[in-house]
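Participant: just a sequence and a predicted model for now, questions to come.
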Amino acid sequence: VNMFPLALLNASSPPVDPALTLVLLHFDTDYTDSSQTAAVWSNSGSGQSISATSKFGAGSLATLGTGGIYTQNATVRTPLGSDNWTIEGWFNKTAIGNDINGLFMFMGGNGQPITLYIENGILYAAVRFDASTRTTISHQTTIVAGEFTHYALVRNGATITLYLNGVAGTTTINSGALSLYPSNILFCFIGEARKVEDSTTTYLDGLHDEFRYRREAVYTTNFTPPTAPFTF
């Protein structure tokens, strides 16, 4: 008989403080933010809709490679500083080709402190700590078109790790105690990003589901991706 609590056997056991969740989007019928922040999300660009195809629940956000969604909520765009955080969700890319698809981006007055994008079937994360230094890492696993894929970018102390379907990337970013740059974050985007500062904005051609942003390191080692919608 197994006498161990399940939470002790699973490295991805759920976090315990709902107040740390600043964005939670299920996309079942609209862009309702179910977190304590209740941020208002609006269309950016064009071609957005709610699709009946989803990872969990009744729907997902469909973007056609021509638009995403954004918020200017003051709590969501509070400077991240050197605190821990987790940005995660599911995406389903329509096709893998010789293209760049933006997935997520914080945008400030002088650049993007965090950017997630897909290029030629590979997931990349770029982070800035000052006006001239931008560190980019990629995941070693090629994305499979037409399948929902879980991603998570996690800052845990001095280390920033990119996970794909619960597996950590082989390269990480050593951030030390540095704060992200710039601190004046103006927008948070889902479904769009820029590969480099002041470059052309790119959008995901595909689906997004169960997006969550928390101010803690939810994952600190390889984990089993969520098997149900987030509750907080």
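Facilitator: Now that the structure is in, tell me what you want to look at.

Participant: residues in contact with residue 61?
Facilitator: By Cβ atoms under 8 Å, 6 or more residues apart in numbering, the contact set of residue 61 is 25, 27, 31, 48-51, 69, 190-191, 207-209. All C-beta atoms are positioned from the backbone trio N, CA, C, and that covers glycine.

Participant: residues near residue 19, how many?
Facilitator: Other residues within reach of residue 19, judged by other Cβ atoms under 10 Å, total 11.

Participant: cool, residue 224 as well?
Facilitator: Neighbours of residue 224 (other Cβ under 10 Å): 12.

Participant: which element is it on?
Facilitator: If you go by DSSP states H and E, residue 224 is not part of any helix or strand.

Participant: for it, give me phi and psi.
Facilitator: Reported as degrees, to the nearest 10, the phi and psi values for residue 224 are phi -90, psi 120.

Participant: show me which helix or strand of this structure is least confident by mean pLDDT.
Facilitator: Every helix and strand in the chain was compared by mean pLDDT, DSSP states H and E; the lowest is helix 6-9, with a mean of 40.

Participant: picking that back up, counting neighbours, which of the contacts of residue 61 comes out on top?
Facilitator: residue 191 (33 neighbours).

Participant: okay but it is in contact with residue 68, surely?
Facilitator: Yes: using Cβ atoms under 8 Å, residue 191 is in contact with residue 68, at 2.9 Å.

Participant: could you name every residue contacting both of these two?
Facilitator: Common neighbours of residue 191 and residue 68 are listed as 48, 102, 203, 204 (criterion: Cβ under 8 Å, 6+ apart).

Participant: contacts only, for the first one.
Facilitator: For residue 48, the contact set (Cβ under 8 Å, 6+ apart) comprises 61, 62, 63, 64, 67, 68, 69, 191.

Participant: now for those residues: which two are most distant?
Facilitator: 64 and 69 (12.9 Å; Cβ to Cβ).

Participant: any idea which element the residue nearest to residue 93 when sequence neighbours are not counted lies in?
Facilitator: The shortest distance from residue 93 to any residue other than its chain neighbours is 4.3 Å, reached at residue 206 (Cβ to Cβ, 6 or more residues apart in numbering). Assigned by DSSP H and E, residue 206 belongs to strand 205-214.

Participant: which neighbouring elements make contact with that strand?
Facilitator: Judged by 3 or more Cβ pairs under 8 Å, 6 or more residues apart in numbering; DSSP states H and E, strand 205-214 is in contact with strand 21-25, strand 60-64, strand 85-93, strand 185-190.

Participant: measure stretch 180-189 end to end?
Facilitator: Terminal residues of stretch 180-189 are spaced 17 Å apart (Cα to Cα, to the nearest Å).
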